[in-house]
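Asker: Could you look at this predicted model? Sequence included:
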Amino acid sequence: MTANIDMAPQAYARLERTMVEAGQVFGGPLQGGPPQRITGLGVDAGWLPTNDRLITTDGVRLIAVDIAWPGERRSLKQTAAKAVARATLAAQPTSGR
C-alpha cells in the first residue's frame, strides 16, 4: 500500500477531474468498473477500481492511496485504503517548508 500526499493548489478540483476522467471510456470497456463515490471521507472521496486506488481531499491535500493486494476482495481493499486515508486526513498538514 502506498499513500501519496499532494499539496499542489486546487486539490478538490483535481479530485473531481480525476473522477470524471476515470469514468470516461476511450476505445474500450472499463476494466474493473466505473469510479465509485465514497461518502464520509474528507470533503469528497472516490474509489478507482481500475487502479485499486482511493482518492480523497480535505480541500488542501489530495491524498491517493494505492493498494496492491492481488486476489483480495474489493471491499477489503477499500476498507484498508480508507483506514490509511482517515489517518492521513487526521494528521495536521504541513507546508513542506
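Answerer: Perfect, I can see it now.

Asker: mind listing what Met1 touches?
Answerer: The contact partners of Met1, taken as CB atoms under 8 Å, 6 or more residues apart in numbering, are 65-69, 80-81, 84. Yep, even glycine has a C-beta here, placed from its N, CA and C like the rest.

Asker: Now, those that are in helices?
Answerer: 80-81, 84 (DSSP state H).

Asker: now these as TSV including neighbour count, pLDDT and distance to Ala45?
Answerer: Formatted as TSV, those follow (neighbours: other CB atoms under 10 Å; pLDDT from 0 to 100; distance: CB to CB, whole Å):
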residue	neighbour count	pLDDT	distance to Ala45
Ala80	16	97	14
Ala81	27	97	10
Val84	17	97	12
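
Asker: What is the nearest of the residues you listed to Ile55?
Answerer: Among the ones in helices among the contacts of Met1, Ala81 lies closest to Ile55 (CB to CB), at 9.6 Å.

Asker: quick revisit: between the ones in helices among the contacts of Met1, which sits nearest Ile5?
Answerer: Val84 (10.9 Å).

Asker: ok, the closest one touching Ile5?
Answerer: No: using CB atoms under 8 Å, Val84 is not in contact with Ile5; the gap is 10.9 Å.

Asker: For the residue sitting nearest the centre point of the chain, list the residues it contacts.
Answerer: Closest to where the C-alpha atoms of the chain average out (CA atoms, centre = their mean) is Ile55, at 1.3 Å. Going by CB under 8 Å, 6+ apart, Ile55 touches 15, 18-19, 45-46, 48, 62-65.

Asker: for Leu89, same thing?
Answerer: Leu89 touches 41-42, 56, 58, 61, 63, counting by CB under 8 Å, 6+ apart.

Asker: so where does it fall, helix or strand?
Answerer: Element membership for Leu89 (DSSP states H and E) is helix 74-90.

Asker: Which positions within that helix qualify as buried?
Answerer: Buried residues in helix 74-90, counted by 16 or more other CB atoms under 10 Å: 77-78, 80-82, 84-85, 88-89.

Asker: do the same with stretch 36-56
Answerer: 38, 41-42, 44-49, 52-56.
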